[in-house]
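**Q** Quick one: sequence and predicted model below, then my questions.
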Amino acid sequence: MAEKFKVKEEGKLLDFLFSNLTGWSKKTIKQRLKSATVAVNGQVTTKHDFRLNVDDVVEVGVVQKSSVQTVKTLEIIYQDKDLIAVNKPAGLLSVGTTTETKQHALALLRNQLSRGKNSVKLWPVHRLDRETSGVLLFATSKEMREKVMSKWNESEKVYLAIVQGLPKEQQGTIDQPLRLDEKEYRMHVGEHPHAKRAISHYVVKQTATHRALLEVKIETGRQHQIRAHMAWLGHSIIGDERYGKKVKPWAYTQVN
């Protein structure tokens, strides 16, 4: 059952959780928030900087009812004795967390491929954000995972994303460093002593009223890189609640 707290003064959600969830580590609190188990006035949010008003009701430990919860099998795109590629739907974690141990791609695929007591062993080669759909790659041995990861920088990663607004240029490059704010769990764009190099290339593939479909290729694989870069450009990804507005649909990812 979810714990309920009433807000007595305005502030940010993460600060409120730190103050009220005594005995919890900050890491666990952040994981709970990231795994969509926190709601404000009945609305689930994952935003660390969500603004709270007096008399708001914060619930911790809520269970979201969504179509993702009913997923039992994953679409296998490619499989051989060393590697398995699946199509991960949006809303599903790539691997488990301390608060989510069953409903994630790794667990689902293991169950899907295991027969009786012969449990299949799998190792994730990379991860996709919960909200991002696309190709997710697993290895059947630690050795193969290490081999693939050693060449990961040489692989071409192609992303398709629908963004708000119409970019002025049909193609372009965003060369802006990124820095993770661990308190707010979001990337800040721009020069900073702790910022890391990040480069994204985009091409406009299609346009519609106030929206555009972009093909994005990245030279670096920073956390939230495309999401943060697109927001910096002024065209946040549709459905990206953290860097943009809560609208659907989300994004699709391909790895070649």
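**A** Right, received. Where do you want to start?

**Q** quick check: longest strand of this protein.
**A** Longest strand of the chain, by residue count under DSSP state E: strand 199-208.

**Q** Parallel or antiparallel, which strands does it pair with?
**A** Applying DSSP bridges, strand 199-208 is found paired with strand 171-175 (antiparallel), strand 211-218 (antiparallel).

**Q** For this protein, give me the ranges with low pLDDT.
**A** Along the chain, the model assigns pLDDT under 70 to residues 1-2, 62-70, 98-101, 245-256.

**Q** Which residue comes closest to the spatially most central residue of it once chain neighbours are left out?
**A** Geometric centre of the chain, nearest residue: residue 129, 2.1 Å, by Cα atoms, centre = their mean. Using Cβ to Cβ, 6 or more residues apart in numbering and skipping the chain neighbours, the partner closest in space to residue 129 is residue 224 (7.3 Å). (C-beta placed from N, C-alpha, C; glycine too.)

**Q** what's across from residue 180 in the sheet?
**A** On the basis of DSSP bridges, residue 180 is bridged to residue 187.

**Q** residues contacting it?
**A** Counting by Cβ atoms under 8 Å, 6 or more residues apart in numbering, residue 180 makes contact with 186, 187, 188, 223.

**Q** can you rerun that using 10 Å?
**A** 186, 187, 188, 194, 195, 196, 222, 223, 224, 228 (Cβ atoms under 10 Å, 6 or more residues apart in numbering).

**Q** List only buried entries from those.
**A** By neighbour count, with 16 or more other Cβ atoms under 10 Å, the contacts of residue 180 hold 186, 187, 195, 222, 224, 228 as buried.

**Q** Where does residue 144 sit: helix, strand or coil?
**A** Three-state assignment for residue 144 (DSSP: H, G, I helix; E, B strand; the rest coil): helix.

**Q** cool, residue 231 as well?
**A** Per three-state DSSP, residue 231 ends up helix.

**Q** Check the contact between it and residue 165; I expect there is one.
**A** No. In this structure, residue 231 is not within contact of residue 165 by Cβ atoms under 10 Å, at 11.3 Å.

**Q** which of those two has more neighbours?
**A** residue 231 (21 against 13; other Cβ atoms under 10 Å).

**Q** what about residue 244, how many neighbours?
**A** 17.

**Q** Same check on residue 152?
**A** Neighbour tally, residue 152, other Cβ under 10 Å: 13.

**Q** So it versus residue 3, what's the distance?
**A** Using Cβ to Cβ, to the nearest Å, residue 152 is found at 41 Å from residue 3.

**Q** for residue 234, same thing?
**A** Distance, residue 234 to residue 3, using Cβ to Cβ: 39 Å.

**Q** same question, residue 20
**A** From residue 20 to residue 3 the distance is 9 Å (Cβ to Cβ).

**Q** what's the answer for residue 165, then?
**A** In terms of Cβ to Cβ, residue 165 sits 40 Å off from residue 3.

**Q** just residue 58 next, same as before
**A** 9 Å.

**Q** residues shared between the contacts of the two?
**A** With Cβ under 10 Å, 6+ apart, residue 58 and residue 3 have common neighbours 20, 21.
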